[in-house]
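[1] Starting from these lines, generate the structure:
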Amino acid sequence: MLQINFPVHNFRIKKEKNRHTIFDEVRRRWVALTPEEWVRQNFLQYLIQVKNYPASLISVEKIIRVGDLSKRYDIVVYKNNLPWLIVECKESNTPLDVKVIEQVIRYNMALAIKYFVITNGNESFCYEISGDSFRELAALPQLQ
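    Sure, this is the predicted structure:
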């Protein structure tokens, strides 16, 4: 399991029409503040502030084709203009089980990434993909 201390960040949150929204600095727009979005926004700040991944290389919630289905990933980090790392975010009470890993592996069919992360904000795991197998890492890879 990764040891992640989310950085302190002054999130912009507002209430409109009886729902809370948060400003996503990567997408540059207001989005509904759901429990999963809270995890996603904190993990984005970890990538940017702690891991020093440039925000310009991060993509959030884009649609991809997986076979005949349209799916939406949470976070993808690019390296050399190619998808390099995917992060699947779940709300804090969702267990990070085999179903979550299988979801990311399906996304990998369309993206061909080297690394993937699953997180619910309380627990986070990072894996390196090599051929048909993957192995758990103790830390996120450096983007160099």
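[2] out of all of them, which helix in the protein is the longest?
    If you go by DSSP state H, the chain has its longest helix at helix 98-111.
[3] Please list the residues outside the next helix-or-strand element following that helix that contact it.
    Remark: after helix 98-111, the chain's next helix or strand is strand 115-119, criterion DSSP states H and E. By C-beta atoms under 8 Å, 6 or more residues apart in numbering, the residues outside strand 115-119 that reach it are 2, 4, 39, 43, 84-90, 96, 100-101, 104, 108, 124-129, 134, 137, 140-141. No exception for glycine: its C-beta is placed from N, CA and C like everyone else's.
[4] And the contacts of the longest helix of the chain?
    64-67, 71, 73, 76, 83, 86, 88, 90, 94, 113, 116, 118, 127, 129.
[5] Quick check, pLDDT for residue 49.
    At residue 49, the predicted lDDT confidence score is 97.
[6] whoops, residue 105 was the one
    Residue-level pLDDT assigned to residue 105 equals 88.
[7] The one 10 residues further on too?
    Residue 115 is assigned 97 on the pLDDT scale.
[8] Centroid-nearest residue for this protein?
    For the chain, the residue nearest the mean C-alpha position is residue 87 (2.9 Å; C-alpha atoms, centre = their mean).
[9] Spit out the contact partners of that residue.
    43, 47, 74, 75, 76, 77, 116, 117, 118, 119.
[10] Quick check: closest non-adjacent residue to it.
    Leaving aside its sequence neighbours, residue 87 sits nearest to residue 75 (C-beta to C-beta, 6 or more residues apart in numbering; 3.9 Å).
[11] does the residue lying closest to residue 47 once chain neighbours are set aside count as helix, strand or coil?
    Leaving aside its chain neighbours, residue 47 sits nearest to residue 53 (4.4 Å; criterion: C-beta to C-beta, 6+ apart). Classification of residue 53 using DSSP: H, G, I helix; E, B strand; the rest coil returns coil.
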